[in-house]
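A.B. asks: Here is a sequence together with a model predicted from it:
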Amino acid sequence: MKHDVPKGRVCDWTCAMKADDRQMSDEMFSNEFLAAQLEAHVAATSDAVNNRGFKRSSPGWTYMAPKKYRAKFSWIGPYLPYGLEGQPLSFEESLEMQQDLVAKYPEFRLRIVDMTTQVKAWSTAGEADVCFNFEVEGIPPGIVKRAMAVTTFEFLEGRWQAVACTSLDGAMMI
């Protein structure tokens, strides 16, 4: 799935800041532009999983805050290889878990259905959530189920980085 940034704008993930007062550029940080950037990050992660691109240099992973990132994958349920259902995983544990899943379930795919982004704070340290509905295919083989997740981003070290992802199984949303 491809997500384009608004026409006429350069997509710069590092998002330059003014050196004198560290204020964010209005153009680079309009809500619409920021939402497109953050949603593109989330889509890149889905693409990385589907294309089995688990190198940290892959576009699906470069925007993560590796030391701060925590993930809770409730949609996996009993298929979580580590037996850590509901436990937060570090970035490295999350990558390893997803690699294990694709090895065990070669048909495993993610498909993002829709996304909504909410910017929660604007200052030199911003925060935003990308909420998205998605489909999980192939766990177990032949089954497609719905789920939803929220990826939380913070503006850290001069760029937007994912610090958390929490998901719910579609059955848990009823």
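C.D. replies: Yep, that arrived.
A.B. asks: How many residues are close by Glu157?
C.D. replies: 8 (other Cβ atoms under 10 Å). Using the backbone N, CA and C atoms, a C-beta is placed for each residue, glycine as well.
A.B. asks: The nearest residue to Ser46 once chain neighbours are set aside pairs with what?
C.D. replies: The shortest distance from Ser46 to any non-neighbouring residue, by Cβ to Cβ, 6 or more residues apart in numbering, is to Leu110 (4.6 Å). On the basis of DSSP bridges, Leu110 is bridged to Val136.
A.B. asks: Count the residues that sit near Leu110.
C.D. replies: Leu110: 21 surrounding residues under other Cβ under 10 Å.
A.B. asks: how about the strands of the chain, start to end?
C.D. replies: Remark: strands assigned in the chain by DSSP state E are 70-73, 89-90, 109-121, 127-137, 144-156, 159-169.
A.B. asks: from those strands, which stretch is densest packed?
C.D. replies: strand 70-73 (a mean of 21; mean count of other Cβ atoms under 10 Å).
A.B. asks: for the protein, longest helix please?
C.D. replies: Longest helix in the chain by number of residues (criterion: DSSP state H): helix 31-50.
A.B. asks: so Gln99 touches Phe54, yeah?
C.D. replies: Yes: in this structure Gln99 lies within contact range of Phe54 using Cβ atoms under 8 Å: 5.2 Å.
A.B. asks: in the longest helix of the chain, what counts as buried?
C.D. replies: 33-50 (16 or more other Cβ atoms under 10 Å).
A.B. asks: Show me what that helix is packed against.
C.D. replies: The helices and strands touching helix 31-50, judged by 3 or more Cβ pairs under 8 Å, 6 or more residues apart in numbering; DSSP states H and E, are strand 109-121, strand 127-137, strand 144-156, strand 159-169.
A.B. asks: List the residues that contact the residue nearest to the spatial centre of the chain.
C.D. replies: What sits nearest the mean C-alpha location of the chain, by Cα atoms, centre = their mean, is Val42, with 3.8 Å. Going by Cβ atoms under 8 Å, 6 or more residues apart in numbering, Val42 touches Ile112, Met115, Val130, Phe132, Thr151.
A.B. asks: Now the first one. Nearest residue, chain neighbours left out?
C.D. replies: On the basis of Cβ to Cβ, 6+ apart, the spatially nearest residue to Ile112 that is not a chain neighbour turns out to be Phe134, at 4.9 Å.
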